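>>> quick one: sequence plus predicted model below, questions after.
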Amino acid sequence: MNAMKNIFIFALCFSVIGKIQVHSQTSNPEFNASYQKALGVKLYPGAISYKQFIRANKAVEAVGFLSVDGFQATILYEKYTPFANTENLAWYVGYGGHMAIWNEEWKKSNSAHKAGIAVGVDGILGLDYKIKDAPLNFSIDWQPSFNFVGGSYFESGWGGIGVRYTIK
């Protein structure tokens, strides 16, 4: 029954993200990014983040989470919309997937999940700000995910604060 509850919560999150994305496509002016690429860190958990715009308002973000007991790689497709008619502030919504590799030490500290490989899908919702006339970008986001290989469970706690160096 717990697995069904997690699947329902995850489906609800993706439904909300989907509705936000459809609304942003029909009612808001198009966002034009003031940078093309950005490399930096994302805090909580500690991660390396690389973002590249593939269109004026669409980006791909790669995030590598590192820890003592494992590694997780996440790829996200994100759509950006201007926030409240501001020049360098946008909100974004998107989706993607992750793959993680954990060692036996994680299994000992958290018996609810087994060591090995984990694969799942992710959603993302956040705010992105590029400082005018400076090569810095900040973001804050929430990244719910559902793991379906290596144990089925919903994770609502991912996300964080990103600080990146921008490349035009």
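On my side now, so go ahead. Numbers count the residues shown, from 1 in each chain.

>>> can you pull out the low-pLDDT segments for the chain?
Scanning the chain with the threshold set as pLDDT under 70 gives 1-30, 104-115.

>>> can you show me the helices along it?
2-27, 104-109 (DSSP state H).

>>> now the strands: where do they sit in this structure?
37-43, 47-55, 58-67, 70-82, 89-102, 116-130, 136-142, 145-149, 153-155, 159-167 (DSSP state E).

>>> so which elements touch the longest one?
It stands for strand 116-130. helix 2-27, strand 70-82, strand 89-102, strand 136-142, strand 145-149, strand 159-167 (3 or more Cβ pairs under 8 Å, 6 or more residues apart in numbering; DSSP states H and E). Quick note: C-beta positions are derived from backbone N, CA and C, even for glycine.

>>> repeat that for 7 Å
helix 2-27, strand 70-82, strand 89-102, strand 136-142, strand 145-149 (3 or more Cβ pairs under 7 Å, 6 or more residues apart in numbering; DSSP states H and E).

>>> equivalent analysis for the fourth one, please.
Judged by 3+ Cβ pairs under 7 Å, 6+ apart, the packing partners of strand 70-82 are helix 2-27, strand 58-67, strand 89-102, strand 116-130.

>>> next, the angle strand 116-130 makes with the third one.
When you say that, I think you mean strand 89-102. 160 degrees (axes from the mean of the first three to the mean of the last three Cα atoms, to 10 degrees).

>>> which other helices and strands contact strand 89-102?
Packing partners of strand 89-102 (3+ Cβ pairs under 7 Å, 6+ apart): helix 2-27, strand 70-82, strand 116-130.
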